[in-house]
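Asker: Task: produce atomic coordinates for the following.
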Amino acid sequence: MKFSYFHLMPWTDLTEAPAQWPASNAAFVPERGKELYDNYIATMAFAEQCGFDWVGCNEHHFSPYGLMANCNLIGAALSQRTSTIKLAMLGNLIPLLNPVRVAEEYAMLDVMSGGRLVAGMIRGVPHEYIAYNVVPDESRERLREAAALIVKCWTEPEPFGWEGEFYQYPSISIWPKPMQKPHPPILMSASNEESAEFAGQHRAMMGMTLIADLAVAKRCIETYRQAARASGLEPTPDHILLGYNTCIAETDEEAREIMREGQRYFYRVLMHSIRDAQRLVIQKSRFFDPAHGERHINRLTTLKERSIDEMIEAGSIFCGSPASVVKQMRRVRDALGNGRFNINMKIGNIPDTAVHRGMELFRDRVLPEAKDL
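Answerer: From the prediction side, this is the model:
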């Protein structure tokens, strides 16, 4: 089993949920923001000392949910503070961005880090399309074309032109090119069956987040495997990354209390306006097919209403003492056959002291048992 340390970089100082999306930024204090960035980047660099294989960054917009509007900026900082851990950009929302620019920045990160980039080509969540004024109905085909263009930028040795449906460039030749050959490993999101099939068709690694229950995850993984095999890839456990909100403490009781408070802030404050925005986009676009759109909203609602014990039982979170967390990880691994976990320990406003202690417990008492799962 391999492990990624993931961070959302949340704003932790709100006293109430934003009334709407986009969220007003009146409460943002730049001096406090610098404190958070300094602490968060140091915490992510510490993941290397704790035995994590990857450190994961992501991209979100217009919300205190996450302060990482450009994950590549954080990846660049980490490239200078780490030496062995993979830098997993999970990742750039490429349907919203200039794919040539993404190809260039990813190539820079790969070279700067000595070939440690994991390149996430992520579709994103519905409300992000409002932020950048991109039609949600076009998201899937934009992702398809942008991914193909990025790979060609990385692998074509001579200048070339591109005339696609969404992107047109008369001549492209990026400098630098990636260090990894033929190109850095690619990961795509696969949190519903449609996305899982897409990831498999592109022979990418698959990533799932906010797992509602093991049965749903199992269907997505099987869909991914079938599509990957049909495209010429025999997926291994290393191709399957599952994201888990995680709290590790000395005792089960302490971990539950820490997680309970963090989850309350996460779902009732940070996620409040985002759920409303996502519901609006899903109702008025073809971002998902109708069945998947309803399931997406239901999943968020279900996770919000469950107790900590119910979430543990459903296989949605890891929470407890080191021994309990190892047991929970083993159960998921046995059920789903994944080879990677993406661990987020900064859930909502969980204190950084508790996050740091959880990372130490992971290093000293979880990893020695879980690495051989």
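Asker: where does this structure have its least confident helix or strand?
Answerer: Ranking every helix and strand in the chain by mean pLDDT, DSSP states H and E puts helix 290-305 at the bottom, with a mean of 60.
Asker: all helices for the stretch 101-250 of the chain, in order.
Answerer: Secondary structure of the stretch 101-250 of the chain (DSSP state H, counting those that start in this stretch): helices located at 128-131, 139-155, 193-201, 214-230.
Asker: Mean neighbour count and mean pLDDT added to these, as CSV?
Answerer: C-beta: built from backbone N, CA, C; applies to glycine. Shown next, in CSV, are the helices of the stretch 101-250 of the chain (neighbours: other C-beta atoms under 10 Å; pLDDT from 0 to 100):
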stretch, mean neighbour count, mean pLDDT
helix 128-131, 21, 82
helix 139-155, 20, 97
helix 193-201, 22, 96
helix 214-230, 18, 97
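Asker: Now tabulate those in TSV and tack on distance to A17.
Answerer: Below are the helices of the stretch 101-250 of the chain laid out as TSV (distance: least, C-beta to C-beta, whole Å):
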stretch	distance to A17
helix 128-131	18
helix 139-155	27
helix 193-201	28
helix 214-230	27
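Asker: looking at these, which is closest to N72?
Answerer: Closest to N72 of the helices of the stretch 101-250 of the chain is helix 139-155 (C-beta to C-beta; 13.1 Å).
Asker: Give me the helices and strands touching the closest one, please.
Answerer: helix 99-112, strand 117-122, strand 160-163, strand 186-189, helix 193-201 (3 or more C-beta pairs under 8 Å, 6 or more residues apart in numbering; DSSP states H and E).
Asker: And the fourth one, what does it pack against?
Answerer: In this structure, strand 186-189 makes packing contacts with strand 86-93, strand 117-122, helix 139-155, helix 193-201, strand 205-208, judged by 3+ C-beta pairs under 8 Å, 6+ apart.
Asker: Partner strands of the last one and their direction?
Answerer: In the sheet containing strand 205-208, the strands it pairs with under DSSP bridges are strand 186-189 (parallel), strand 240-248 (parallel).
Asker: then the longest one to CSV, C-alphas only?
Answerer: Just to be clear, that refers to strand 240-248. Extracted in CSV, the C-alpha atoms of strand 240-248 (Å, rounded to 0.1, in the frame of the first residue of the first chain):
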residue,chain,number,x,y,z
ILE,A,240,-6.4,3.1,-8.0
LEU,A,241,-6.2,6.0,-5.5
LEU,A,242,-9.0,6.4,-2.9
GLY,A,243,-9.3,9.7,-1.0
TYR,A,244,-10.1,9.6,2.8
ASN,A,245,-10.7,12.2,5.4
THR,A,246,-8.6,10.8,8.2
CYS,A,247,-8.1,11.5,11.9
ILE,A,248,-5.5,9.5,13.9
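Asker: what's the spacing between it and its chain's center?
Answerer: On the basis of C-alpha atoms, centre = their mean, to the nearest Å, strand 240-248 sits 10 Å off its chain's mean C-alpha point.
Asker: Please apply the same query to the first one.
Answerer: Mean-position distance between strand 186-189 and its chain equals 9 Å (C-alpha atoms, centre = their mean).
Asker: residues in contact with stretch 28-43?
Answerer: Here stretch 28-43 makes contact (C-beta atoms under 8 Å, 6 or more residues apart in numbering) with 7, 9, 11-13, 64, 67, 74, 77-78, 81, 346, 352, 355-356, 359.
Asker: Return the subset of these lying in helices.
Answerer: Residues of the contacts of stretch 28-43 located in helices (DSSP state H): I74, A77, L78, D352, V355, H356, M359.
Asker: could I get those as CSV with pLDDT and neighbour count?
Answerer: Formatted as CSV, these follow (pLDDT from 0 to 100; neighbours: other C-beta atoms under 10 Å):
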residue, pLDDT, neighbour count
I74, 98, 23
A77, 98, 15
L78, 98, 22
D352, 97, 16
V355, 98, 24
H356, 98, 16
M359, 98, 22
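Asker: Spit out the contact partners of the residue nearest the centre of the chain.
Answerer: For the chain, the residue nearest the mean C-alpha position is L90 (4.6 Å; C-alpha atoms, centre = their mean). L90 sits next to S4, F6, G56, C57, N58, C71, V118, G120, I122, L187, G207, N342 when contact means C-beta under 8 Å, 6+ apart.
Asker: Could you pull out the buried residues of stretch 336-356?
Answerer: For stretch 336-356, the neighbour count (16 or more other C-beta atoms under 10 Å) marks 336, 338-350, 352, 354-356 as buried.
Asker: Where is the longest helix in this structure?
Answerer: When the chain is parsed with DSSP H, its longest helix is helix 30-49.
Asker: Can you read off the pLDDT for I282?
Answerer: pLDDT, I282: 65.
Asker: what's the answer for W54, then?
Answerer: pLDDT, W54: 98.
Asker: again with P22
Answerer: 86.
Asker: returning to what we had before: ok, the residue nearest to the residue nearest to the centre of the chain when sequence neighbours are not counted - how many residues close by?
Answerer: Counting by C-beta to C-beta, 6 or more residues apart in numbering, the nearest residue to L90 once its immediate chain neighbours are dropped is G120, at 4.1 Å. By other C-beta atoms under 10 Å, 28 other residues sit near G120.
Asker: shouldn't G120 be in contact with M89?
Answerer: Yes - the criterion here is C-beta atoms under 8 Å, and G120 meets it with M89 at 4.9 Å.
Asker: Need the residues touching each of the two.
Answerer: Taking C-beta under 8 Å, 6+ apart as the criterion, G120 and M89 both touch N58.
Asker: Format the ones in helices among the contacts of stretch 28-43 as JSON lines; extra columns: distance to A17.
Answerer: Shown next, in JSON lines, are these (distance: C-beta to C-beta, whole Å):
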{"residue": "I74", "distance to A17": "26"}
{"residue": "A77", "distance to A17": "30"}
{"residue": "L78", "distance to A17": "31"}
{"residue": "D352", "distance to A17": "22"}
{"residue": "V355", "distance to A17": "22"}
{"residue": "H356", "distance to A17": "27"}
{"residue": "M359", "distance to A17": "28"}
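Asker: That's all I had, so thanks and see you.
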